[in-house]
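In: sequence unknown, structure follows:
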């Protein structure tokens, strides 16, 4: 009853005539409630003690006197007096309780009534009326006023709950203009619960008692029913008015993004948990429109780049007709990447770019510098190789309890050029409307570029003039896309004006596709046969890795090959550790100091993973050469380059990436990949010859190779990989399968995808489910690596044996792609052929009357 006392019996009696009372009023109610003002308190010599109402003092004194007396005779006399006045007890109480105007205003009655209302006995009286004690503690309990008080309590509680739910209703308001990524992802359930519980304390308390028993509260120390209570109130608010659907809308968009079916949507809508399925579908359109408005605004005030790639979609039907058949179709998807503000190019960047192109574009970069190598870059690469082989032994099971894991000698080398991370360097992405235009051809790329400019509101003549004369736009894509863009750039070099000539364009290949090409090159070089110990084919068979024997460009091939290369390389490096350490097990090396371990790692790189070691082995007399050791030393060098590229991209060290450009150039040239040979040559031409410093050093390298969407130091991703992930979301994650999977639908939802993805991550973070299903479990690799290592040790692949030859077919002998590539570049005309096909003079005409007609 303490809660009922606090809730239903405030000092209302003393306030009933407050409009007629003055500050100097001495009525009992005012005397009990009046508090001195700040001025009065200041003027007092001492702070007055708070005084209890006079009625309470009287009642307490009389109660003490009555404790030794029998109450029944006095009660009977009072009842007789009431009866003599022609009243019953109920009529008396009714009259006392504001019965008529005379009872309302009479001072003596008011005094007595106030005493009753404020009395300490009133809660007990009501409690006994509601649940009277048994007679002499036996027999059936009297009914009392149980039913009447229960009805009264229900009415009071209902009135109060209705007041509170209306009071907090504005918290659940959600205007249509709040359908944006910023608004949806800023909703904090914990803060919202605090606001709702503070605004409706009684409603919250009642629901908490209903959904969480006293036993549960005592038993559960961390579980809270707050989310359940909030959503019960949300359902009630939405049922009362669709305007109060803030939480309901949030769940509707989230569950729609998670792929909830229309039937399930309708069921949850009937329960008031989500908005209707039609509303959610329309919300996608609103989110897309809002995203397109935002990107048009952002590209006017912030630096940006763009990427696009093809989208292959199977269009399926369930009832075939001549005009309605399943088919495979290709379209194109693009992403605008809005960069941090400090990436903004100077206003004169476009003019400087055109000047540099005109001045230096007819001169090719100095190939001799690439062939001779950079000693500083070579030192960087060697230090990283040493760190990689150190990491392999330090992270092995044998070194689990090594006492010097954290020694300073084992710290990673200093970065070469590390990109800054943190929230300020997060790149924002906008997916444009996906279109039904193929981009495999030059004509298709020309059309999609015009479409992207149209979607961005940059298709007016004034906008085209500004783009042509005042903008520099790096355009990122896979090798084929960049080749097509560069072809258009060359084809239109004599058009009428800077826009039609595409002077604004800087095509930049994506490093993710280059990484895949690197892995495929290693596969081609070292695949061998099952009979060749150490070869990729033999490792795939031994580890029962399926689908890796033939190189592919689609599906999960690269992912499986990427994992296999890391496992195989680790086995080769472990075997090399045993060779340089002269031990039979890595555990025998634990007795060595950090200095000794570092010395062994340096020796391993010098003798088992360097070009100098290969050259040394090749210069031995024919009878002393060890072809097996030479081949797998070359593998160590090549695979460490792949690991180094992978690590550098993840950590955002563009300096390490640039250091690897000569190695990549020679590898692709020697491995027969002419397309990526040209891409590397084009990049080197831009970096070393054609681009001004602010575009070369400060823009293309820092902002057009990698992006960071999380702010984490290790959260860097190649831009074309980000584009592929967006395409995956368009094709799979947020794709509608079946007859509804039309280009119209894909066009509609594409811009909303970043918002949907962000909302999913936000909701999963709020409910602590962010890791569920986000990452698949990675099986332990130790058994696979150990099995390979044992085979390599038995076969002495990394132990020098004079005269040892590679057995079986010619396929088992790996060609030295890097050395062959260097020779091809320098002596066999690869460099000259590339230059011959790109050396041309561009027009400088500016005939803007013919804009767009080139």
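Out: Cool, got the structure. Worth saying up front: this structure is predicted, and the values here are computed from it rather than measured.

In: use CA for all of it now, contacts and neighbours both
Out: Will do.

In: contacting residues around the one helix or strand residue 359 maps to?
Out: Using DSSP states H and E, residue 359 falls within helix 349-360. Contact with helix 349-360 is made by 469-472, 503-504, 689-692, 694-695, 841-842, as judged by C-alpha atoms under 8 Å, 6 or more residues apart in numbering.

In: ok, now stretch 290-306?
Out: 179-180, 334-341, 343-345, 430, 432, 455-457, 473-476, 704, 751-752.

In: Low-confidence bits of the chain, can you list those?
Out: 1-51, 136-139, 221-222, 317-318, 327, 736-740, 770-778, 808, 850-854 (pLDDT under 70).

In: if we can go back for a sec, ChimeraX command to pick out the buried ones of the contacts of stretch 290-306?
Out: The command below creates a ChimeraX selection of those among the contacts of stretch 290-306 that count as buried (16 or more other C-alpha atoms under 10 Å):
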select :179,180,334,335,336,337,338,339,340,343,345,430,432,455,456,473,474,475,476,704,751,752
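
In: Filter the contacts of stretch 290-306 down to the ones in strands?
Out: 334, 335, 336, 337, 338, 430, 473, 474, 475, 476 (DSSP state E).

In: Adding distance to residue 120 as columns, could you present those in TSV?
Out: Below are the ones in strands among the contacts of stretch 290-306 laid out as TSV (distance: C-alpha to C-alpha, whole Å):
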residue	distance to residue 120
334	75
335	72
336	72
337	70
338	69
430	67
473	81
474	81
475	81
476	80
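
In: and which of those is nearest to residue 206?
Out: residue 430 (45.7 Å; C-alpha to C-alpha).

In: tell me which element residue 58 falls in.
Out: Per DSSP H and E: helix 54-66 holds residue 58.

In: for that helix, which positions count as buried?
Out: 55, 56, 59.

In: One more: stretch 533-551?
Out: In stretch 533-551, counting by 16+ other C-alpha under 10 Å, buried: 533, 534, 535, 536, 537, 538, 539, 540, 548, 549, 551.

In: where along the stretch 651-800 of the chain do the helices fall?
Out: Counting by DSSP state H, counting those that start in this stretch, the stretch 651-800 of the chain has helices at residues 654-659, 661-670, 674-685, 693-695, 701-703, 719-728, 743-749, 753-766, 782-794.

In: got the angle between the third one and helix 349-360?
Out: Orientation note: helix 674-685 sits at an angle of 100 degrees relative to helix 349-360 (axes from the mean of the first three to the mean of the last three C-alpha atoms, to 10 degrees).

In: who touches helix 674-685?
Out: Contacts of helix 674-685 (C-alpha under 8 Å, 6+ apart): 364-365, 479, 508-509, 514, 661, 664-666, 668-669, 834.

In: Top of the residues you listed by number of neighbours, please.
Out: residue 509 (29 neighbours; other C-alpha atoms under 10 Å).

In: Report the beta-bridge partners for it.
Out: For residue 509, the beta-bridge partners are residue 477 (DSSP bridges).

In: so it makes contact with residue 478?
Out: Yes - the pair residue 509 / residue 478 is scored as a contact, 5.7 Å apart, by C-alpha atoms under 8 Å.

In: Pull out the buried residues from stretch 482-493.
Out: 482, 483, 484, 485, 486, 488, 489, 490, 492, 493.

In: typo on my end, it should be stretch 291-302
Out: So for stretch 291-302, counting by 16+ other C-alpha under 10 Å, buried means 291, 292, 295, 299, 302.

In: The fourth one is in what secondary structure piece?
Out: Following DSSP H and E, one finds residue 299 within helix 277-301.

In: Could you export the contacts of helix 349-360 as a markdown table, including distance to residue 828 and neighbour count?
Out: A markdown table is the format used below for the contacts of helix 349-360 (distance: C-alpha to C-alpha, whole Å; neighbours: other C-alpha atoms under 10 Å):
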| residue | distance to residue 828 | neighbour count |
| --- | --- | --- |
| 469 | 40 | 19 |
| 470 | 41 | 17 |
| 471 | 39 | 22 |
| 472 | 36 | 25 |
| 503 | 33 | 27 |
| 504 | 34 | 24 |
| 689 | 23 | 21 |
| 690 | 25 | 26 |
| 691 | 28 | 23 |
| 692 | 31 | 20 |
| 694 | 35 | 14 |
| 695 | 32 | 24 |
| 841 | 26 | 13 |
| 842 | 29 | 18 |
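
In: biggest separation within those, which pair?
Out: Taking C-alpha to C-alpha, no two of these sit farther apart than 694 and 841, at 23.5 Å.

In: roughly how far apart are the closest residue to residue 458 other than its chain neighbours and residue 450?
Out: Setting aside the residues directly before and after it, residue 458 is nearest to residue 464 in space (C-alpha to C-alpha, 6 or more residues apart in numbering), at 6.6 Å. Going from residue 464 to residue 450 by C-alpha to C-alpha, to the nearest Å gives 10 Å.

In: Looking at the two, which one has more neighbours?
Out: residue 464 (21 against 15).

In: Quick check: the more buried one touching residue 456?
Out: No - counting by C-alpha under 8 Å, residue 464 does not reach residue 456; the two are 11.8 Å apart.

In: show me where the stretch 451-600 of the chain has helices.
Out: 461-470, 479-491, 511-526, 536-543, 557-581, 594-608.

In: Export those helices to TSV and append columns for distance to residue 198.
Out: Formatted as TSV, those follow (distance: least, C-alpha to C-alpha, whole Å):
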stretch	distance to residue 198
helix 461-470	53
helix 479-491	57
helix 511-526	52
helix 536-543	61
helix 557-581	52
helix 594-608	60
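
In: closest to residue 806 out of the ones you listed?
Out: Per C-alpha to C-alpha, nearest to residue 806 of these: helix 511-526, 12.8 Å.

In: Residues touching the closest one, excluding its own?
Out: Taking C-alpha under 8 Å, 6+ apart as the rule, helix 511-526 contacts 478-479, 535-536, 551, 558, 561-562, 635, 638-639, 642, 645-646, 664, 667-668, 671, 676, 705, 718-721, 812-815, 817.

In: Near the closest residue to residue 433 other than its chain neighbours, how many residues? Count them for me, please.
Out: Spatially, and ignoring its direct neighbours in sequence, residue 433 is nearest to residue 747 (4.8 Å; C-alpha to C-alpha, 6+ apart). When neighbours are defined as other C-alpha under 10 Å, residue 747 has 18 of them.

In: Does residue 330 fall in a helix, a strand, or a coil region?
Out: strand (DSSP: H, G, I helix; E, B strand; the rest coil).

In: From residue 432, how far off is it?
Out: From residue 330 to residue 432 the distance is 16 Å (C-alpha to C-alpha).

In: do the same with residue 675
Out: Distance from residue 675 to residue 432, by C-alpha to C-alpha: 28 Å.

In: so where do the helices sit in the stretch 1-150 of the chain?
Out: 2-8, 28-33, 38-43, 54-66, 72-84, 89-96, 101-105, 107-117, 122-130, 146-167.

In: Okay, buried residues for the last one please.
Out: With burial defined by 16+ other C-alpha under 10 Å, the residues of helix 146-167 counted as buried are 146, 149, 157, 160, 161, 164, 165.

In: how much space is there between the closest residue to the first one other than its chain neighbours and residue 152?
Out: Just to be clear, that refers to residue 146. Closest residue in space to residue 146, ignoring its immediate chain neighbours: residue 130 at 4.3 Å, by C-alpha to C-alpha, 6+ apart. According to C-alpha to C-alpha, residue 130 and residue 152 sit 11 Å apart.
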